[in-house]
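Asks: Provided below for reference: sequence and predicted model.
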Amino acid sequence: MKILIVEDQENLAKLIKDGLETESFTADYVLDGEEAQKRIELYHSDYDLVILDVMLPKKEGTEVCKSIRAQKIDIPIIMLTARDQNEDVISGLNVGADDYLIKPFAFDVLLAHIRALLRRPKTTVAVEHKVQNITLNSTSKQVFKNSQEIKLTLKEFSLLEYFMRHPNQVLSRDQILSNLWDFAFDSFSNVVDVHITNLRKKIGDEKGKLLETVYGVGYKLNA
């Protein structure tokens with residue numbers, strides 16, 4: 001899962017990003033409303049959810065939300081507000097936000113809101129995925145092969161989960177980078193290939209029969 005954080009307090013944005021990444025999400029952040037709107041308009045298909053502050057430089061969060069909803073962009077949005085007033089909550093919900101949180105908040109509370117929103121029918125992702133003899137549980141963060149648990153790093157788990165959500169589809173390196181690494185990551189890095197190699201070793205697929213290399217394009221998980 002990839003999340004866009006829109007928050008003008010950079011320290012807070014970094015804290016949220018770091019917290020999400022420890023929970024196996026991928027996260028980017030931007031610091032003003034105009035940049036947020038551009039990013040969402042151009043790359044909304046790359047993100048699963050937006051955390052959007054109300055009070056932002058250049059363009060308020062409510063205006064950003066209103067604008068992208070007018071363009072029929074239906075990505076889930078959690079609004080953040082430091083103003084504990086019903087009017088702010090109502091305004092955010094009226095322009096198309098799906099949920100809201102009032103600052104200050106505990107990270108665990110934000111995480112609970114994110115997970116609850118991603119479980120809603122429109123954005124439901126199956127908890128358990130199975131391809132051949134590999135089973136992955138997105139909630140417990142566990143992977144099993146023939147009922148034997150395989151220990152993966154968070155990034156390896158996210159990589160396998162991404163492939164299992166798109167079985168039999170050829171995924172390019174750019175697609176994988178844009179979904180599992182942050183926006184500024186060097187697209188010329190071989191980090192994807194290194195993680196694929198490590199993942200294959202751990203799942204016993206050194207020959208690449210399950211996780212196939214499609215030369216010149218990327219990789220495909222054969223279901």
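Replies: Thanks, I have the structure now.
Asks: and stretch 151-162, what's buried?
Replies: If you call a residue buried by 16 or more other CB atoms under 10 Å, then stretch 151-162 has these buried ones: 152, 155, 156, 157, 158, 159, 160, 161, 162. Quick note: C-beta positions are derived from backbone N, CA and C, even for glycine.
Asks: what is the nearest of those to residue 56?
Replies: Proximity of the buried residues of stretch 151-162 to residue 56 (CB to CB) peaks at residue 158, which lies at 28.7 Å.
Asks: can you verify my assumption that that closest one contacts residue 26?
Replies: Yes: using CB atoms under 8 Å, residue 158 is in contact with residue 26, at 6.9 Å.
Asks: need the overlap of contacts for the two.
Replies: Between them, residue 158 and residue 26 have residue 180 as joint contacts when contacts are counted by CB atoms under 8 Å, 6 or more residues apart in numbering.
Asks: for the nearest residue to residue 167 once chain neighbours are set aside, which residues are in contact?
Replies: Using CB to CB, 6 or more residues apart in numbering and skipping the chain neighbours, the partner closest in space to residue 167 is residue 223 (3.7 Å). Going by CB under 8 Å, 6+ apart, residue 223 touches 131, 132, 167, 168.
Asks: repeat for residue 100
Replies: With CB under 8 Å, 6+ apart, residue 100 has these contacts: 78, 79, 80, 81, 89, 92, 93.
Asks: which one of the buried residues of stretch 151-162 is nearest to residue 7?
Replies: Using CB to CB, the shortest approach to residue 7 within the buried residues of stretch 151-162 belongs to residue 158, at 22.6 Å.
Asks: in contact with the closest one, which residues?
Replies: Taking CB under 8 Å, 6+ apart as the contact definition, residue 158 lies against 24, 26, 180.
Asks: for stretch 94-103, measure first residue to last.
Replies: From the first residue to the last, stretch 94-103 extends over 20 Å; the measure is CA to CA, to the nearest Å.
Asks: I misspoke; the intended subject was stretch 63-78.
Replies: Counting by CA to CA, you get 14 Å between the two ends of stretch 63-78.
Asks: so residue 100 is in which element?
Replies: For residue 100, the element it lies in under DSSP states H and E is strand 99-102.
Asks: so what are the sheet partners of that strand and their directions?
Replies: According to DSSP bridges, strand 99-102 forms sheet pairs with strand 77-81 (parallel).
Asks: past the strand it pairs with, which element shows up next along the chain?
Replies: On the C-terminal side of strand 77-81, the nearest following helix or strand under DSSP H and E is helix 86-94.
Asks: any idea how far that next one is from the middle of the chain?
Replies: Centroid separation between helix 86-94 and its chain, computed with CA atoms, centre = their mean, to the nearest Å, is 26 Å.
Asks: show me what it is packed up against.
Replies: With contacts taken as 3 or more CB pairs under 8 Å, 6 or more residues apart in numbering; DSSP states H and E, helix 86-94 sits against helix 61-70, strand 77-81, strand 99-102.
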